[in-house]
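Trainee: for reference, the sequence and a predicted model appear below.
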Amino acid sequence: MTLNGVTKSVALPAEIGSGLTGQVPCGDVNAEYSGNIVVTCSVGAVTGYATTGCVRRCSTSMQVEAELGGRTAMVSPTETLASGATEYGRPCSEEHEGFDGT
């Protein structure tokens, strides 16, 4: 299977019957992604797969511009986040010494 340029052979977590679908975690193919790849089986063989359920995680190397108190800084998550997740508890003072709180 290939996901965003990374190709890897993966095993289905469970046997699927002919004409049915199964799922493989996207992260099993490309660690930058979460969600599931849908695998289609026909007459005992995998006949296709869809990666539309895969979404890219936000890694610690990614940055976003943030403004606080008129100062702009590039900030990154402290750990890899699933798509749609939010990191809480970051001290404002990390970006601007004049601010308290998170």
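Mentor: Perfect, thanks for sending it. Residues are numbered from 1 along each chain as shown.
Trainee: how about residues contacting the biggest strand by length in the chain?
Mentor: In the chain, ranked by residue count with DSSP state E as the criterion, the top strand is strand 33-42. Residues external to strand 33-42 that are found in contact with it (C-beta atoms under 8 Å, 6 or more residues apart in numbering): 1, 3-4, 12, 16-27, 29, 46-57, 82-83. (Each C-beta comes from the backbone N, C-alpha and C, glycine too.)
Trainee: so which bits of that strand are buried?
Mentor: 33, 34, 35, 36, 37, 38, 39, 40, 41 (16 or more other C-beta atoms under 10 Å).
Trainee: sorry, back to before: buried ones from the contacts of strand 33-42, can you make that a PyMOL selection?
Mentor: Only the buried entries of the contacts of strand 33-42 go into this PyMOL selection, using 16+ other C-beta under 10 Å:
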select buried, resi 1+3+22+23+24+26+27+29+49+51+54+56+57
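Trainee: sitting in strands, which of the contacts of strand 33-42 do you find?
Mentor: Reading strands off those with DSSP E, I get 3, 21-25, 46-50, 54-56.
Trainee: okay, how far is it across stretch 70-78, tip to tip?
Mentor: 23 Å (C-alpha to C-alpha, to the nearest Å).
Trainee: who touches it?
Mentor: 58-67, 87, 90, 95-96.
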